[in-house]
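>>> here is my input, please return the structure:
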Amino acid sequence: MVQRTRKSEETEEWRANVAYIRQMLGQLQQVARNEGADMLAYLIEMAYLEAGDLHAGRKPLSRRHGD
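All right, here's what the predicted structure looks like:
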């Protein structure tokens, strides 16, 4: 049995939170598109892509994270 550390639990929680944010952004983007709010949909899409990059580890966290 692998013992989970506080750090690994925090990492799991962080990943789950980012995944949730990304999911919500995807839904908001669809609402914005359906309403014809093209600029808002675009900005939400950028946040959606950013969340995906963070979740996948392709982009580092901000320097302030963890301060």
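>>> buried sites along the lengthiest helix in the chain?
Longest helix in the chain by number of residues (criterion: DSSP state H): helix 6-34. Neighbour-count burial for helix 6-34 flags 18, 21-22, 25, 28-29, 32 (criterion: 16 or more other C-beta atoms under 10 Å). For glycine as for every other residue, the C-beta is placed from the backbone atoms N, C-alpha and C.
>>> closest to Gly57 out of the residues you listed?
Checking the buried residues of helix 6-34 against Gly57 by C-beta to C-beta gives Val18 as the nearest, at 10.5 Å.
>>> how about the nearest residue to the closest one, chain neighbours excluded?
His55 (4.6 Å; C-beta to C-beta, 6 or more residues apart in numbering).
>>> my read is that the one you found contacts Tyr20, right?
No. Counting by C-beta atoms under 8 Å, His55 stays clear of Tyr20, with 10.1 Å between them.
>>> intersection of neighbour lists for the two?
The contact sets of His55 and Tyr20 do not overlap (C-beta atoms under 8 Å, 6 or more residues apart in numbering).
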